[in-house]
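# Curious how this folds, go ahead:
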Amino acid sequence: MVKRGIALLILLVVAGILKAEVRSWVVSNPVVAGETFQFTVEAENAETGAQPNLSVLRGFEVVSRSVQNSTTIVNTQVTHAVRWIFTLVPHAAGEFTIPAIPVGSEQTQPFVLKVVSPGSQPSGAPSPVELETQLSRESVYPGEELRYTVRIIRSVEAENESLSPVEQFNAQVERSEPQTQIEMVAGRKAKVTTLHYLIYPQQSGTLKLPSLRYQGEVQVGRSRDPFQNLRMFNRNTKRIYRQTPERTVTVKSLPAGQSGWWLPARQVQLARVWKPNPPQFRVGEPTTVELVIHAEGVLPSQLPALELVVPAGIRAYPDTPTSMKTLVKSGFRSEWKQSWALIPVRAGRFVLPELRLRWWDTQHERFREAVLPEQVYEAIPSAASQAQATRMDLTSAPASRLPTPVASPFWKWLAFASFGLWGLTLGWWGWSKRRKESPEEPETEASTANLRKASRKLLSACKANDDTKTRSILLEWERLRHPQEYLQNLEDVVRLDPVLQKPVDELLQVRYGTSPQAWEGASLRSAIEQLAKVPNPTNVKPPKPMLEPLVPS
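Next up is the predicted model:
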């Protein structure tokens, strides 16, 4: 009889343990969109390892979860309870059905949860954080600047804030620095942070701007005692979430008549900048010209590279192009520029032709052209050439004609006699000279030694990649090779020895370019060694005249 009683007691205990019950609830109903609330699921005597399946829950984001376990025994009734506490956030207002949540083989009862918009609570209190968005245009062309503005409005202090980025795979996105200031919003002071996203679509079609998600922590349950609010302990905060609506932008096809470089902008201007200004062109001396593009509503990567058409008689040495961008109130303002060192090789008139750049005016939706007009300049001879020309004019000027006195007959006869004797002497000298074999004129050893010495110095400078020393020695070396020529600069060197054209251009590019770059002297060294195999023009004897000179040297 006793054994039967014990067995019955054990059955009752086991039956109490196996009895399962699952339920769910929220702390408050309604809840506010974008603000967290707690959703609790509790299971008593559930199957071992059973977990709530929240995949059936739509319209809510699970922010965090925690688990609590408890076991109670009342009058031999053993209850093992597991409580799952989920922190959820709704992203939209409306009525939502919390469905039956499965927990093992059991499930909760569904119920309706109302979600209200921020600021529409029955208490009438303003939302602590609001988001506003604005688009500059609903439709744009590929590459056109689209301005997307986001404003974060806070009526309370917030901390630990973050905002998801604007990510696009078919558009380039640039974000400005956030600007925060105090503004009056709906009659209340609010802290407003403004961010500008500048978006440049890359292809035609539909551009979708995804929702931006904001999250932050605000203090709740603030005391009316201002001193208590300053204390750093016992702070009660809650995490809130906000989300902007998804936006759609139409990206139109390129307009009819588009060909070549596509440049959509609000404004485009071209400029020539001279250094010095106004330019002064002199043969052999550099003058710098800079071509500049100023454009609004585009990025530097959208600007084309301008080409300088170099007229005949001018050598151009380009510098590395540069670009930059500046954020202004209306968007980005970009600039592209490149400079060239222009060196005239001969005096005379030359023309820089007109330069045009076609672009699309995004404000008036029409093609326009930015124009640099044609410019005419005069290159004057070098100062040394002018001085040499002056000396030649002075030496070749005819002697002044002076009145010649009338000679007396005696002096006439004396002159005739003198000419006769001079003629006899000249004839005798010519006869004796033909009888002798005239020796060849020896090569000037001093000039040859100087040329060899200059060659060694020049090759050594090229091997050391010393552009400054090479320029100086190269001119000295060529003057020794061509003593009969007047060589003022390296342009004259190239004129006499065209094989040096390319290596000299490389040498001058390093000299006149503003961007630092190393010079390699291998190509110039090779050209010099090639010229060294050619006989020195200073050692080539002039052809022997057929007639002897009238006056012996």
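
# in the stretch 151-300 of the chain, which ranges drop under the pLDDT threshold?
Within the stretch 151-300 of the chain, the set of residues satisfying pLDDT under 70 comprises 221-235.

# The stretch 401-550 of the chain now?
The stretch 401-550 of the chain contains residues with pLDDT under 70 at 401-445, 486, 488, 513-516, 535-550.

# Can you give me the buried ones in stretch 316-326?
Judged by neighbour count using 16 or more other Cβ atoms under 10 Å, the buried positions of stretch 316-326 are A316, Y317, P318, D319, K325. Heads up, the C-betas are built off the backbone N, CA and C, glycines and all.

# closest to I199 among those residues?
In terms of Cβ to Cβ, no member of these lies closer to I199 than K325, at 15.0 Å.

# Pop out the phi and psi values for the closest one.
Geometry field for K325 lists phi and psi as phi -140, psi 150, criterion degrees, to the nearest 10.

# in which helix or strand would I find the nearest residue to it once chain neighbours are set aside?
With Cβ to Cβ, 6 or more residues apart in numbering as the criterion, K325 has its nearest non-adjacent residue at 4.7 Å, and that residue is S334. With the criterion set as DSSP states H and E, the secondary-structure element containing S334 is strand 331-344.

# Pull out the buried residues from stretch 345-361.
Buried residues in stretch 345-361, counting neighbours by 16+ other Cβ under 10 Å, are found at V345, A347, F350, L352, L355, L357, R358, W359, W360.

# swap in stretch 455-471?
Using 16+ other Cβ under 10 Å, the residues of stretch 455-471 that count as buried are S455, K457, L458, L459, A461, C462, D467, T470, R471.

# Would you check that S204 makes contact with P142?
Yes: taking contact to mean Cβ atoms under 8 Å, the distance of 5.9 Å between S204 and P142 places them in contact.

# What are the structural domain limits within the protein?
Using automatic domain parsing, the domains assigned to the chain come out as 2-116, 129-222+234-251, 264-380, 447-539.

# Those into TSV, with extra columns for distance to Q258?
Listed next are those as TSV, based on distance: least, Cβ to Cβ, whole Å:
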stretch	distance to Q258
domain 2-116	42
domain 129-222+234-251	9
domain 264-380	8
domain 447-539	34
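
# Looking at the buried residues of stretch 316-326, which one is closest to P99?
Sorting these by how near they are to P99, with Cβ to Cβ, puts K325 at the top with 52.0 Å.

# so what's that closest one up against?
Under the criterion of Cβ atoms under 8 Å, 6 or more residues apart in numbering, the contact list for K325 reads L299, P300, F332, R333, S334, E335.

# show me the contacts for V268.
When contacts are counted by Cβ under 8 Å, 6+ apart, V268 touches I293, H294, A295, E296, L357, W359, R368, A370.

# could those be laid out in TSV, adding secondary structure and distance to R282?
What follows is the contacts of V268, written out as TSV (DSSP: H, G, I helix; E, B strand; the rest coil; distance: Cβ to Cβ, whole Å):
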residue	secondary structure	distance to R282
I293	strand	29
H294	strand	31
A295	strand	35
E296	strand	38
L357	strand	31
W359	strand	37
R368	strand	38
A370	strand	31
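
# Can you flag the buried ones in the residues you listed?
With neighbours counted using 16+ other Cβ under 10 Å, the contacts of V268 contain these buried positions: I293, H294, A295, E296, L357, W359, A370.

# Grab the two from those residues that are most spread out in space.
Top of the distance list for these (Cβ to Cβ): E296 and L357, 14.2 Å.

# and stretch 477-490, how far from the chain's centre?
Its chain's C-alpha centre lies 45 Å from the corresponding centre of stretch 477-490 when counted by Cα atoms, centre = their mean, to the nearest Å.

# now do stretch 73-89
From the chain centre to the centre of stretch 73-89 is a distance of 62 Å (Cα atoms, centre = their mean).

# Relative to the helix or strand following the strand holding S334, what are the paired strands and their orientations?
Counting by DSSP H and E, the element after strand 331-344 in chain order, helix or strand, is strand 348-352. With DSSP bridges as the test, strand 348-352 is paired with strand 375-380 (antiparallel).

# ok, back up a step: comparing S204 and P142, which residue is more hemmed in?
Each of S204 and P142 has its neighbours counted (other Cβ atoms under 10 Å); P142 has more, 19 against 13.

# ok, what's across the strand from T326?
Listed by DSSP bridges, the beta-bridge partners for T326 are R333.
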